[in-house]
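A.B. asks: Sequence first, predicted coordinates after that:
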Amino acid sequence: MGYSRLSLWHETVPTDWTPRDPLQGDVDVDVAIVGGGFTGLWTAYYLAEADPTLRIAVLEAETAGYGASGRNGGWCSALFPTSLPALAAVSDRSRALDQHQAMRATLDEVARVVDVEGIDAHLARGGTITVARNPAQLRRARGEVDAARSWGRGADELQLLDGKEAAGVLAATRVRGATYTPDCAAVHPGRLVRGLADAVVRRGVVLHEGTRVTGIGPGRAHTRHGTVRAEVVVRATEGYTPGLPGHARSLAPVYSLVIATEPLSADTWERIGLARRETFTDHRHLIIYGQRTADDRIVFGGRGAPYHLGSRVRPEFDHDERVFKRLYATLLDLLPVLAGTRVTHAWGGPLGIPRDWCPSVGIDRSRGLAWAGGYVGDGVSTTNLAGRTLRDLVLGRESELTTLPWVDHRSRRWEPEPLRWLGINAGLRAMTLADAEERLTRRPSLLARAVAPLVGG
C-alpha cells in the first residue's frame, strides 16, 4: 500500500512509511498495546519512561499513524467533547474543572515532549478563533463566554471579540464577532505521530507493524502471526474498535473529511490573516475546522460524510467527492479570496464516537484489560492525557490523573442496526438543516435543540 498517498500529512513526512517487522510467533510481555496511533504510542512512551525495564509491545495493523492520528486536521487543543455541566453531573463541579485544567496542561506537555525528543511537528501555538457570522451564531458565542465565566474561566482562557477584532484575526465574510482561546496549537500530525513512534522505539518498546489483532481477551492479544500474552492488554483502536469481536457497538466510526489547498502567496495571507497560525472554525452546528500550515496552505475539514451501516470502515469511504465539493464551497464562502485556488489533497477517515459523546480511559485489573478512546475528533491532545493516565493505571499509581471524571467512565452501547444507522445519519442531516434554519430565521435553531441529546449536546 502507498501510505504516503493517504493524506497531505502522510505525503509530507520526511521519514519512510514502510512498516516495521510484524510479530513472529507467540511472545510474553508485560504490556501489550493494540493500536499504533497516538493513544497507543503515548501510552507506550510514558510507560517506558516511567519503568525502562517493562517489556512493552505495540501491535499495529498497518503502520504507525495510518488512521486518524495521521489524517486529522492538526488541532492540538484543550477541547474536550463533554461539557463541564455534563462532567459535573457524573462527578462534581471541582472534578469537572480538574478535567478541563488537565486538558489545558496537556498542550504544554505535548510541546515539552516535542522539544525533548526533537520532533519537528511544525507546532505553532496560535490559539483558536471561532467566528460568528449570523445573529444566532453571535448569540451562541456570547452564551459560551457567559457560561465560561460562570465556571470561573476568565478572559485568559476564552474571550469575546467584536466584529472588527475578529476580522483582524480572520478576515472571513459576514463576521459579527468571535470567541478566541489561546488553548490550541496547530501541528503537522503526521510528523508528530511518526516522531513519537521513533521515540518509543528508541526507549526500547517493540513496535510490530503489519500485525492485525483479531481478538482481545484477558491477558491476550490474538493475531494471525501469533498470540501476545501480557499482564495488561491496552485497547487503543479508536474508530477501528467495532472490528474487534465483542465491540461492534462500543464506538461508532463516523467519517470526517479534509481538503488542503496549494501553498498561498504572502499577499493572499495578508488578506486572510491567521498571522500566528491560529486554528479556525465558526459557530455553526455542523462542525468545520481549519488551520494554516507551516508551508502556507489551508487545511480545511468537517463532518457531513455519512455513517455506514454496520459500522463499516473501508478505504473507499475515505473519499466522497460530494463532501469534498461542499467543503470547498464552504471554504470559499468563508474566504472568497480563495476563488480559483487549487485543492491539491483530499482525504478522510473514521472517528470513534461513544453513545454519550464522552471519551473514557480505564482498566479492569481483574481481567488484565485497559482501554482509552472515544475522542469524537478531539484526539490529538486528549490521547496524550490518556497515555499519561493509562501509565498510572497500569502501574497501579494513584495520581491526580486517575481521579479525573473520565476515568472508568462507561458509555452505554450504541443501538443495534438499523437504528444506529438511522439515528446517526439523521443527526448529521439535522445539523445541516439547523444551520440553514438559522440563516433564514436569524434565530437559534429549534431543530438543533431538539436533536442535541442525540449528538452529544
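C.D. replies: Received the coordinates, thanks.
A.B. asks: Any idea how far apart the tips of stretch 27-41 sit?
C.D. replies: Terminal residues of stretch 27-41 lie 20 Å apart, using C-alpha to C-alpha, to the nearest Å.
A.B. asks: in that stretch, what's buried?
C.D. replies: Of the residues in stretch 27-41, those scored as buried under the neighbour-count criterion (16 or more other C-beta atoms under 10 Å) are 27, 29, 31-41. (Each C-beta comes from the backbone N, C-alpha and C, glycine too.)
A.B. asks: Can you spell out the domain ranges of this protein, please?
C.D. replies: 3-72+189-251+357-403, 426-457 (automatic domain parsing).
A.B. asks: of all those, which lies closest to R314?
C.D. replies: The closest of the domains of the chain to R314 is domain 3-72+189-251+357-403. By C-beta to C-beta, the value is 10.8 Å.
A.B. asks: Show me what the mean pLDDT comes to for that closest one.
C.D. replies: Averaging pLDDT along domain 3-72+189-251+357-403 yields 97.
A.B. asks: Also stretch 83-90?
C.D. replies: pLDDT averaged over stretch 83-90 equals 96, rounded to a whole number.
A.B. asks: Now that stretch: buried residues?
C.D. replies: Within stretch 83-90, the residues that count as buried by 16+ other C-beta under 10 Å are 83-84, 86-88.
A.B. asks: mind listing which of those residues are in helices?
C.D. replies: When helices are assigned by DSSP state H, the members of the buried residues of stretch 83-90 inside them are 84, 86-88.
A.B. asks: Is it possible to get TSV of the residues you listed that adds distance to Y375?
C.D. replies: Written out in TSV, the entries for these read as follows (distance: C-beta to C-beta, whole Å):
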residue	distance to Y375
L84	17
A86	15
L87	15
A88	20
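A.B. asks: which one of those is nearest T18?
C.D. replies: L87 (42.0 Å).
A.B. asks: out of everything not next to it in sequence, what's closest to that closest one?
C.D. replies: Beyond its immediate neighbours in the sequence, the residue positioned closest to L87 (C-beta to C-beta, 6 or more residues apart in numbering) is A96, lying 3.8 Å away.
A.B. asks: how about the buried residues of stretch 27-41 in a markdown table, adding distance to G368 and secondary structure?
C.D. replies: Formatted as a markdown table, the entries for the buried residues of stretch 27-41 read as follows, by distance: C-beta to C-beta, whole Å; DSSP: H, G, I helix; E, B strand; the rest coil:
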| residue | distance to G368 | secondary structure |
| --- | --- | --- |
| V27 | 16 | strand |
| V29 | 12 | strand |
| V31 | 10 | strand |
| A32 | 9 | strand |
| I33 | 13 | strand |
| V34 | 13 | strand |
| G35 | 17 | coil |
| G36 | 20 | coil |
| G37 | 22 | coil |
| F38 | 23 | helix |
| T39 | 18 | helix |
| G40 | 17 | helix |
| L41 | 21 | helix |
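A.B. asks: coming back round to it: helix, strand or coil for the residue nearest to L87?
C.D. replies: Classification of A96 by DSSP: H, G, I helix; E, B strand; the rest coil places it in helix.
A.B. asks: tally of neighbours for it?
C.D. replies: Using other C-beta atoms under 10 Å, A96 has 23 other residues around it.
A.B. asks: Can you name the residues that contact it?
C.D. replies: Applying C-beta atoms under 8 Å, 6 or more residues apart in numbering, we find A96 in contact with 84-85, 87-88, 405.
A.B. asks: gap between it and C358?
C.D. replies: With distances defined as C-beta to C-beta, to the nearest Å, the gap from A96 to C358 amounts to 12 Å.
A.B. asks: what does R71 give?
C.D. replies: Distance of R71 to C358, given as C-beta to C-beta: 23 Å.
A.B. asks: Neighbour count for the two, which is higher?
C.D. replies: Counted by other C-beta under 10 Å, R71 and C358 do not tie: R71 has more neighbours, with 27 against 21.
A.B. asks: mind checking the SS state of the closest residue to T402 other than its chain neighbours?
C.D. replies: Residue nearest to T402 in three dimensions, not counting chain neighbours: D392, with 5.1 Å by C-beta to C-beta, 6+ apart. The local conformation at D392, judged by three-state DSSP, is helix.
A.B. asks: can I assume D392 is in contact with L404?
C.D. replies: No: distance between D392 and L404: 10.6 Å, which falls outside the contact criterion (C-beta atoms under 8 Å).
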